[in-house]
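Participant: Quick check, what structure comes out for this input:
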Amino acid sequence: METTGSIVGFWLMNILYAALIVFVGRIAVKWLIKLSRKLMVRANLDPILINFLSVIANAVLMLFILIAALDQLGVDTTSMIAVLGAAGLAVGLALKDSLQNFAAGVMLIMFRPFKIGDFVEAGGTSGIIEHISIFNTIMKTGDNREVIVPNGQIYADTITNYSAKDTRRIDMVFGIGYGDDLLKAKQILTDIVTNHPKVLAEPEAVIRVSELADSSVNFDVRPWVNAGDYWPVRSELIEQVKLSFDENGVSIPFPQMDVHVNKLES
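Facilitator: Numbering: from 1, shown residues only. As a prediction, this is how the structure comes out:
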């Protein structure tokens, strides 16, 4: 009877200790997760990343607590850890692409090469960023299509953020004929650029001859505008240059072919 009572008492004590480990462990995990969330918020991490990391950390810590409780009950946890490790490796290999996208998503959220509302070229797609998640990024193209791009594809490619800077330079090339008045054409271009209300005075626009091409004398025209005005101003300037050149008799050369027909005497 004493032996049986000792065994029962031993198991009751082990069960009590295991329950205590789980109880205290849960309290400690909650405190640690709460503390880590505060630190991540202070570090200005994205809320999506904070929530995801908190869930992962909670699951991992609770797994360690469960293993500790089972060890207290006398369960051989060594084989269990080995099985879990093998299962984790198998899952990792099966979800290799998803894990790659996850890692890239974490990097994108942490380093923020772009934010929601930016117009970017990334992952082979150009568009406005609408949503950034752990595994993919949603972009809206200029013709209002929604494109979902895997984060791994974005992070592995060059990212061009057209909205990162407040101002942008418009690079245009205009050609005139060799028989046209070069100084007159340059003055027309200068007047059009400087008189446009949305062209910035600083930095100063560049207007200069850049090339003596095969059939034209080319001007580089490079005004600066606010980033949001880039496309409207570019279109307006091109239209005004064409109209002004026509009004002032300045030609814009275009490719043409001369065909000579030799009549053979019969």
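
Participant: now the helices for the stretch 151-266 of the chain?
Facilitator: 151-155, 182-195, 230-247 (DSSP state H, counting those that start in this stretch).

Participant: And those helices: which comes nearest Met13?
Facilitator: Ranking the helices of the stretch 151-266 of the chain by proximity to Met13 (C-beta to C-beta) places helix 151-155 first, at 50.5 Å. C-beta here means a position set from N, CA and C on the backbone, and glycine is covered the same way.

Participant: Distance from the chain centre to that closest one, please.
Facilitator: Chain-centre distance of helix 151-155: 8 Å, with C-alpha atoms, centre = their mean, to the nearest Å.

Participant: what do you get for stretch 129-136?
Facilitator: The answer for stretch 129-136 is 9 Å, by C-alpha atoms, centre = their mean.

Participant: Could I have the CA atoms of it written out in PDB?
Facilitator: Only the C-alpha atoms of stretch 129-136 are listed here, as PDB (Å, rounded to 0.1, in the frame of the first residue of the first chain):
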ATOM      1  CA  ILE A 129       1.000  50.200 -54.500                       C
ATOM      2  CA  GLU A 130      -2.400  49.300 -52.900                       C
ATOM      3  CA  HIS A 131      -1.500  46.700 -50.300                       C
ATOM      4  CA  ILE A 132       1.600  45.100 -48.900                       C
ATOM      5  CA  SER A 133       1.200  41.700 -47.100                       C
ATOM      6  CA  ILE A 134       3.600  39.100 -45.800                       C
ATOM      7  CA  PHE A 135       3.500  37.000 -49.000                       C
ATOM      8  CA  ASN A 136       2.600  39.300 -51.800                       C
END
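
Participant: pLDDT below threshold where in the stretch 151-266 of the chain?
Facilitator: 255-266 (pLDDT under 70).

Participant: change it to 80
Facilitator: 254-266 (pLDDT under 80).

Participant: related to what we said a few turns ago, take the helices of the stretch 151-266 of the chain and write them to JSON lines, including mean neighbour count.
Facilitator: Output for those, formatted as JSON lines (neighbours: other C-beta atoms under 10 Å):
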{"stretch": "helix 151-155", "mean neighbour count": "22"}
{"stretch": "helix 182-195", "mean neighbour count": "16"}
{"stretch": "helix 230-247", "mean neighbour count": "15"}
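
Participant: Nearest to Ser133, out of those helices?
Facilitator: The nearest among those, by C-beta to C-beta, is helix 151-155 at 8.1 Å.

Participant: Now do the closest one: which elements does it pack against?
Facilitator: Where contact means 3 or more C-beta pairs under 8 Å, 6 or more residues apart in numbering; DSSP states H and E, helix 151-155 is packed against helix 96-111, strand 136-140.

Participant: so where do the helices sit in the stretch 1-150 of the chain?
Facilitator: Counting by DSSP H, counting those that start in this stretch, the helices of the stretch 1-150 of the chain are 2-42, 47-72, 77-94, 96-111.

Participant: Out of those helices, point me to the one whose mean pLDDT is lowest.
Facilitator: Note on the helices of the stretch 1-150 of the chain: lowest mean pLDDT is at helix 77-94, with a mean of 62.

Participant: returning to what we had before: could you dump the helices of the stretch 151-266 of the chain into JSON lines with distance to Ile176 added?
Facilitator: What follows is the helices of the stretch 151-266 of the chain, written out as JSON lines (distance: least, C-beta to C-beta, whole Å):
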{"stretch": "helix 151-155", "distance to Ile176": "43"}
{"stretch": "helix 182-195", "distance to Ile176": "5"}
{"stretch": "helix 230-247", "distance to Ile176": "7"}
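
Participant: Of the helices and strands packed on helix 151-155, which stretch is the most buried?
Facilitator: strand 136-140 (a mean of 21; mean count of other C-beta atoms under 10 Å).

Participant: Nice, that's everything, thank you.
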